[in-house]
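In: coordinates only, sequence not included:
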Ligand code: F6R
């Protein structure tokens with residue numbers, strides 16, 4: 001695991017966007033796994049800036065989103081389809097036919113989930129997956145207790161997640177109770193993973209994910225089994241890490257330092 005510590009949310013987002021840009025410069029037809037929620041908004045803002053001002057090209061890119069609320073149509077104000085259009089897709093040149101987001105309104109969820117998994121494979125697998133993390137340690141909507149081998153499926157949201165996401169809806173009762181989500185097993189197959197977290201509220205989940213046992217009670221802890229995961233954290237989100245001094249020491253040594261886990265690249 002690689003841990004990048006930054007002082008501000010803007011710095012975090014710039015660093016994570018730079019990782020995406022590097023990926024696209026090296027592989028213009030890369031397959032990106034995308035997340036929604038508050039956390040990645042700044043990354044998308046920076047990617048839009050890089051597209052407009054520095055010509056970052058998405059014309060050959062394919063994207064797969066992690067999840068969608070069951071029951072919300074693509075034009076619903078709070079659907080993740082709408083979120084992605086507003087925060088990213090409307091502003092860059094990714095072809096519409098290359099955009100995949102789970103459907104919240106399909107007639108046959110089982111068949112849809114199988115098809116989604118199949119499409120990821122047919123497109124060559126995900127090169128870089130962007131993740132946020134829930135206060136309960138979830139990645140995508142893999143709530144505590146999810147199988148660490150799970151695939152795309154319908155998941156019942158945890159009470160904590162419903163409460164956390166109620167801020168986006170008029171009333172808490174409006175938050176859907178089910179979501180269609182990539183599984184932990186699906187996510188672990190991405191070649192590279194970037195998990196971004198900011199703010200004090202995320203500190204316990206980040207500590208559990210990075211330094212706790214691998215457990216379905218914190219599905220982000222499964223990333224300990226992934227060989228190429230980078231955490232982008234601000235000081236608050238990193239606040240409960242026991243080994244923080246060690247991570248800072250590695251970061252201070254910079255890329256190329258012997259014995260550093262970050263020797264392979266600079267971000
Ligand atoms: C969203 C997703 C979720 C969020 C998580 C954090 O696609 O998969 O796992 O990343 O709930 O949400 P925010 O960023 O709003 O704190």
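Out: Structure's in. What do you need? All of these numbers come straight from a predicted model, not from anything done at the bench.
In: burial check on residue 162, number of neighbours?
Out: Using other C-beta atoms under 10 Å, residue 162 has 16 neighbouring residues. Any C-beta I mention is one placed from the backbone N, CA and C, and that applies to glycine too.
In: give the contact list for the residue nearest to it when sequence neighbours are not counted.
Out: Using C-beta to C-beta, 6 or more residues apart in numbering and skipping the chain neighbours, the partner closest in space to residue 162 is residue 175 (4.8 Å). Residue 175 is in contact with 157, 162, 165-166, 168-169, counting by C-beta atoms under 8 Å, 6 or more residues apart in numbering.
In: looking at these, which is nearest the ligand?
Out: Nearest to the ligand among the contacts of residue 175 is residue 165, at 7.2 Å by C-beta to the nearest ligand atom.
In: which SS state does that closest one fall under?
Out: Using DSSP: H, G, I helix; E, B strand; the rest coil, the structure places residue 165 in helix.
In: and the pLDDT at the nearest residue in space to it that is not next to it in sequence?
Out: Closest residue to residue 165 apart from its sequence neighbours, by C-beta to C-beta, 6+ apart: residue 175 at 5.4 Å. As predicted, residue 175 sits at a pLDDT of 93.
In: from residue 118, how far off is residue 175?
Out: Remark: distance between residue 175 and residue 118 (C-beta to C-beta, to the nearest Å) = 30 Å.
In: likewise residue 221?
Out: 28 Å.
In: more neighbours: which of these two?
Out: Between residue 221 and residue 118, counted using other C-beta under 10 Å, the more crowded position is residue 221 (22 against 11).
In: give me the pLDDT for the more buried one.
Out: What the model reports as pLDDT for residue 221 is 98.
In: quick one: residues contacting it.
Out: So, once contact is read as C-beta under 8 Å, 6+ apart, residue 221 ends up touching 137, 208-209, 212-215.
In: SS state for residue 137?
Out: Here residue 137 is recorded as coil under three-state DSSP.
In: swap that for residue 195, sorry
Out: Per three-state DSSP, residue 195 ends up strand.
In: how many neighbours does it have?
Out: Neighbour count for residue 195, taken as other C-beta under 10 Å: 25.
In: how close does it get to residue 109?
Out: Distance from residue 195 to residue 109, by C-beta to C-beta: 27 Å.
In: distance of residue 62 relative to the ligand?
Out: Distance, residue 62 to the ligand, using C-beta to the nearest ligand atom, to the nearest Å: 17 Å.
In: just the element for the residue lying closest to residue 152 once chain neighbours are set aside, please.
Out: Of all residues not flanking residue 152 in the chain, residue 113 sits nearest, at 4.3 Å (C-beta to C-beta, 6+ apart). Applying DSSP states H and E as the criterion places residue 113 in helix 109-122.
In: contacts for that helix, please.
Out: By C-beta under 8 Å, 6+ apart, the surrounding residues in contact with helix 109-122 are 31, 64, 70, 100, 102-103, 106, 126, 151-154, 180, 182, 186, 189.
In: quick one: mean pLDDT for it?
Out: In this model, helix 109-122 carries a mean pLDDT of 98.
In: list the buried residues in that helix.
Out: Residues of helix 109-122 classed as buried: 109, 112-113, 115-117, 120 (neighbour count, 16 or more other C-beta atoms under 10 Å).
In: and for stretch 40-53?
Out: Within stretch 40-53, the residues that qualify as buried are 40-48, 50-51, counting by 16+ other C-beta under 10 Å.
In: centre of the chain to it, how far?
Out: 15 Å (C-alpha atoms, centre = their mean, to the nearest Å).
In: who in this structure is up against the ligand?
Out: For the chain, the residues in contact with the ligand (C-beta under 6 Å from any ligand atom) are 35-39, 66-67, 132-134, 138-141.
In: pipe those residues into CSV and attach secondary structure, neighbour count and pLDDT per row.
Out: Shown next, in CSV, are the residues of the chain next to the ligand (DSSP: H, G, I helix; E, B strand; the rest coil; neighbours: other C-beta atoms under 10 Å; pLDDT from 0 to 100):
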residue, secondary structure, neighbour count, pLDDT
35, coil, 23, 98
36, coil, 24, 98
37, coil, 18, 96
38, coil, 14, 96
39, coil, 24, 98
66, coil, 27, 98
67, strand, 22, 98
132, coil, 21, 98
133, coil, 26, 98
134, coil, 26, 96
138, coil, 26, 97
139, strand, 31, 98
140, coil, 30, 98
141, coil, 26, 97
